[in-house]
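Give me coordinates for this.
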Amino acid sequence: MIARNLIYASLFAIGTSCVTDETTVTIGFGSCNEPSQTQDLLPTLSKALDTLDQYIWLGDNLYLVDGQWNTYAATMGRYNEVFGGDAFQEILGKSQHLAIWDDHDAGPNDCDLTTFSGFATTMQAFKDFWQPSYPQPDSTSYYGRTFLAEGKIDIYLLDNRSFRTHKDSANATVFGVEQLKWFHKTLQQSTAEVHLICMGGQLLNTAQVFENMSNYPTEREMLLQWLSEAPGAPIVLTGDRHSGEINAIEVNGKQIVEACASPITANAHPHHDEENTTRVHEGTTETQHFGTLRLNHSKDQWYIVVSLIDASGKALFQYEYEV
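Residues are numbered from 1 along each chain as shown. This next block holds a predicted model:
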């Protein structure tokens, strides 16, 4: 296995050494990484990582192909192939990195419990490569929570593959009963002022297409209710779509914001005409990009800026708000 050249310092100290009257934390995020298609974004991403406190890989971090998911050796061979080059070694050597997975890290396209039985093999490879250091309540998965800025910011890493059933099955689920119980309890007990929820597919997008949570309406509504009731400001970070957008919705008087950043290097497929009623701008992205989240805490208030950045460093879309 290639060396990732990362220093696994305590994630509890990321961002700033202490939370004072004014604190700023910057987080990058992105998904859908197939560098054989294009690498135009990588220099800009690498430069951004010089000043980012954290980077989160939001799934489809690589694309397993031709049955590579069948053996541990083949899966790790794919990690070496994708991340072994100079460009990615430079990227992984900067900032701190967290990762969740989606279907292409886990197995075949759109895999779930009804179509794929090899999650244990690819999960082991995922853990061995990304080395998650936060507590994980389920050894068969990686879901868990870590935090930044001395607990002011919670980060929830959710597994949307290992427990997924088909949308048309009885009691259809994306996250599974035990993970949902853990998430709800942890969210309720949190004292954080900002909650970052990381998941592979979109939550807010109302279009019932592809693998959006809108295809699981009962679970979607439950998650939105929980986020609206929990203390703190909820921000959902997602990927998967090969197009990016910023969405927002108000539930029970609380604003929930979602930033979808996809793709990093895979081919882009815009979804301008999708019937998504939560998008805060016209159209979606049309090119490779990554997201940034700037969280500034001053005088008991958070000023938040969400941006989607292209290869030239331009902000394709940006959303600013206070909580």
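
Can you get me a residue count around Ile249?
Residue neighbour count, defined by other C-beta atoms under 10 Å, stands at 18 for Ile249. Heads up, the C-betas are built off the backbone N, CA and C, glycines and all.

How many residues are close by the nearest residue to it once chain neighbours are set aside?
For Ile249, ignoring the flanking residues on the chain, the nearest one in space by C-beta to C-beta, 6 or more residues apart in numbering is Thr278 at 4.9 Å. Neighbour count of Thr278, defined by other C-beta under 10 Å: 19.

and His242, what is it in contact with?
Residues in contact with His242, defined by C-beta atoms under 8 Å, 6 or more residues apart in numbering, are 32, 262-263, 266-269.

So which of the residues you listed wins on neighbours?
Ser262 (33 neighbours).

didn't the residue nearest to Ile249 look like it was pressed against Val257?
No. Thr278 is not in contact with Val257 according to C-beta atoms under 8 Å; the separation is 9.5 Å.

so what sits against both of the two?
Residues touching both Thr278 and Val257 (C-beta under 8 Å, 6+ apart) are 247-248.

re the thing from before, what two of the contacts of His242 are the furthest from one another?
Pairwise distances across the contacts of His242 peak at 10.8 Å for Ser262 and Asn267 (criterion: C-beta to C-beta).

Now the contacts of His242 in CSV, please, with extra columns for pLDDT, secondary structure and distance to Asn296.
Output for the contacts of His242, formatted as CSV (pLDDT from 0 to 100; DSSP: H, G, I helix; E, B strand; the rest coil; distance: C-beta to C-beta, whole Å):
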residue, pLDDT, secondary structure, distance to Asn296
Cys32, 98, coil, 29
Ser262, 98, coil, 26
Pro263, 98, coil, 28
Ala266, 98, coil, 32
Asn267, 98, coil, 35
Ala268, 98, coil, 30
His269, 98, coil, 34
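
with those in mind, which one is nearest to Lys314?
Using C-beta to C-beta, Ala268 comes nearest to Lys314 of the contacts of His242, at 14.9 Å.

okay, now Val177: neighbour count?
Using other C-beta under 10 Å, Val177 is surrounded by 10 other residues.

dump the residue contacts of it.
Phe163 are the contacts of Val177 under C-beta under 8 Å, 6+ apart.

Pop out the phi and psi values for it.
The phi/psi pair for Val177 (degrees, to the nearest 10) reads phi -60, psi -50.

Name whatever forms a beta bridge with the residue positioned nearest the centre of the chain.
In the chain, the residue lying closest to the centroid (C-alpha atoms, centre = their mean) is Leu58, at 3.1 Å. For Leu58, the beta-bridge partners are Ile100 (DSSP bridges).

Over to Thr146?
Counting by DSSP bridges, Thr146 is bridged to Ile155.

Hmm, it is touching Leu98, no?
Yes. Counting by C-beta under 8 Å, Thr146 does reach Leu98; the two are 7.3 Å apart.

per-residue confidence at the residue nearest to Ile249?
Thr278 carries a pLDDT value of 98.

what separates it from His242, distance-wise?
19 Å (C-beta to C-beta, to the nearest Å).

Thr287 too?
10 Å.

Lys181 now?
Lys181 is 32 Å from His242, by C-beta to C-beta.

Next: Thr24.
When distance is defined by C-beta to C-beta, Thr24 is 31 Å away from His242.

Measure how buried Gln96 is and give me the count.
23.

just checking, it touches Tyr55?
Yes. Counting by C-beta under 8 Å, Gln96 does reach Tyr55; the two are 7.1 Å apart.

related to what we said a few turns ago, list residues touching both of Thr287 and His242?
By C-beta under 8 Å, 6+ apart, the residues touching both Thr287 and His242 are Ala268.

Name the spans of the stretch 1-150 of the chain whose pLDDT lies under the cut-off.
1-20 (pLDDT under 70).

mind listing the helices for it?
For the stretch 1-150 of the chain, applying DSSP state H, counting those that start in this stretch gives helices covering 42-49, 72-83, 86-92, 103-106, 119-130.

Ser298 is in contact with Glu22, isn't it?
Yes. Ser298 lies in contact with Glu22 (C-beta under 8 Å); the separation is 4.5 Å.

Okay then, goodbye and thanks.
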